[in-house]
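S.K.: Got a sequence here, can you model it:
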Amino acid sequence: MAVEDTLLALSSLVAFAMLWAAGANDVANALGTSVGSKALTFQRAIVVGAIFELLGASLVGGGVESTIESDIISVNDFGSPRRFAIGMFAAIAATFLWVTVATIAALPVSTTHAIIGSVIGFAIAEGRGRFLQGQNIGLTAASWIVSPLLGGLIAFGIYLMLKHLVLKPTSRLRRAELSLPYLFALNLATDAVFVVAGGPDLLRPRTDSPEQALGQIYVPIFVGTFVVAGLAGRFWLLGWIRRHRHDNDEELLLPLSAPDGGRTTIASRQQQHTGDATNSYGPCEAYFAPLTVASACTVAFAHGGNDVANALGPLSVVINFWRNHLDSHLSLPFWVNFLGGVAIVAGLTTYGQRVMETVGSGITRLSFSKAFAAQFGASVSILTATVLGLPISTTAVLRRPWARCH
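M.R.: Numbers count the residues shown, from 1 in each chain. Predicted coordinates for the structure are as follows:
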């Protein structure tokens, strides 16, 4: 077997193993807020993660790969194409080992930080540190600061609005009921815009200017999705909640399985979890449980779209070397991103509970409304970075919105 074939086989194996480790660590990190707030059990978080990580990796997973592949250091500056490909393999392997060790220790870490650091490390070890593209590295590093701040500001703004317009006034049950369809629609409409903006070439707008794309593509998509999702929230989601209400209008009953085999409610489980009725604003918080689940779907979608590139970006370098086209950018086919999503889901399913329990146990007083605001802010920030081609840390982005809402 030729060196190129051996390197491709090993790199593919380690890349998908790294994505398995990312699923066990980063996805558990991403969904820990929902599990910690008790909106999702671990088993349901697995289902949410599986579906939406796959969708994110498949639909918007290609935008960040070129940054890790060539924007940190270029093969043209590196010298030897073979050494460059071997270095990318070493970066994947190092990241896999670190994230795996962290996962075994139940430590939430950033796969993005690990892979970027590994690529920089092998370039310095090869004596090519002077060729590192400082401007691009600086832009990526700046996004690690700006993205958490953006997510935190969005989360803070949404929660502040909910606190003063929905949760604080009198008749807040009625206000929560009225706001539910709009917030549900906002979540889905935001997803739709980012799918078109950062998705496959088939979905991306072909316009002469960003302003034209905004007016002719993005705004109509947002408005159309908002209207359809709002109607679905009004007649389906709200109807479902009403059907599960207690005869007493002061308590919403959303049936869930209790540990003893009986039935419990989201409202009661939230109160048991927080231990503070003022923190959860009473039964009003139960209206935000479906929104917390919906925003968890968005976070999983955003994570799949951004973090799948951490392994597939370096892998594309090795594939190019195998094809003798290392001087050109390779757009990986849809099925490779899809398989990357499968590897992430496998990691979440087989080993994600340890990290998810670690993250969730730290969220001891996070109500549904706070969890929704934190997750929505984080997802918008992550998706924005994905569309711009910036690899960012899901871990860091999620921590800032949580802190803003705490």
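
S.K.: Does the residue nearest the centre of the chain lie in a helix or a strand, and which?
M.R.: For the chain, H303 is the residue whose C-alpha lies nearest the centre (CA atoms, centre = their mean; 2.4 Å). Secondary structure from DSSP states H and E places H303 in helix 289-307.

S.K.: That helix packs against which elements?
M.R.: helix 28-36, helix 42-60, helix 111-125, helix 172-198, helix 334-361, helix 368-387, helix 394-405 (3 or more CB pairs under 8 Å, 6 or more residues apart in numbering; DSSP states H and E). Just so you know, the C-beta spots here come from the backbone N, C-alpha and C atoms, and that holds for glycine as well.

S.K.: Turn those into JSON lines, including distance to L291, mean neighbour count and mean pLDDT.
M.R.: As requested, the helices and strands packed on helix 289-307 are exported to JSON lines (distance: least, CB to CB, whole Å; neighbours: other CB atoms under 10 Å; pLDDT from 0 to 100):
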{"stretch": "helix 28-36", "distance to L291": "11", "mean neighbour count": "29", "mean pLDDT": "75"}
{"stretch": "helix 42-60", "distance to L291": "14", "mean neighbour count": "22", "mean pLDDT": "85"}
{"stretch": "helix 111-125", "distance to L291": "27", "mean neighbour count": "21", "mean pLDDT": "90"}
{"stretch": "helix 172-198", "distance to L291": "5", "mean neighbour count": "20", "mean pLDDT": "87"}
{"stretch": "helix 334-361", "distance to L291": "18", "mean neighbour count": "21", "mean pLDDT": "81"}
{"stretch": "helix 368-387", "distance to L291": "4", "mean neighbour count": "28", "mean pLDDT": "86"}
{"stretch": "helix 394-405", "distance to L291": "13", "mean neighbour count": "25", "mean pLDDT": "65"}
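
S.K.: With distance to F235 added, can I get those in TSV?
M.R.: As requested, these are arranged in TSV below (distance: least, CB to CB, whole Å):
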stretch	distance to F235
helix 28-36	25
helix 42-60	23
helix 111-125	40
helix 172-198	9
helix 334-361	32
helix 368-387	21
helix 394-405	30
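
S.K.: So what's the residue count around L97?
M.R.: For L97, the neighbour count with other CB atoms under 10 Å is 16.

S.K.: cool, R243 as well?
M.R.: So R243, with other CB under 10 Å, has 8 neighbours.

S.K.: ok, back up a step: of the helices and strands packed on helix 289-307, which approaches Y287 most closely?
M.R.: helix 172-198 (4.0 Å; CB to CB).
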